[in-house]
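>>> Structure of the sequence below:
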Amino acid sequence: QVHLVESGGGLAQAGGSLRLSCTVSGSIRSIDIMGWYRQAPGKQRTLVATISSGGSTNYEYSVKGRFTISRDSAKNTVYLQMNSLKPDDTAVYYCNADVIATGSGWVPSEYWGQGTQVTVSS
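Below is the predicted model:
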């Protein structure tokens, strides 16, 4: 089994910063793309940022220049540094990873964390 555990959410003021972490554990052979998604109340879940195993990154337009995604492959952990937060960033943030688990025949599967709430006050 594979598990994703997020931490670091909470309350911040507009202009402030938060750092999210997500660690993948379990029967892991390798991890390909890792990413963060968010879902605001009444809205669909949308992409925030992704990072490949080689370090290539991709950001949703509204967070470019404010958020930074990074990963520590030795720790199977992905981070999201969020600066210059805005009230519109308020959402539940979900970690996502494409994981090849042991015994899977080298077929990747997508896994999600349980979500962590980020609330930005004006």
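
>>> so who does residue 119 touch?
With contact set as Cβ atoms under 8 Å, 6 or more residues apart in numbering, residue 119 has these partners: 10-12, 90. Using the backbone N, CA and C atoms, a C-beta is placed for each residue, glycine as well.

>>> now do the same end-to-end measure for stretch 1-14.
This stretch, stretch 1-14, spans 38 Å end to end (Cα to Cα, to the nearest Å).

>>> Also stretch 107-119?
36 Å.

>>> Filter the contacts of residue 119 down to just the ones in strands.
10-12 (DSSP state E).

>>> Which of those has the largest number of neighbours?
residue 12 (17 neighbours; other Cβ atoms under 10 Å).

>>> Now do the contacts for it.
Residue 12 makes contact with 18, 85, 118-121 under the criterion Cβ under 8 Å, 6+ apart.

>>> Mind checking which of the residues you listed are buried?
18, 85, 118, 120 (16 or more other Cβ atoms under 10 Å).
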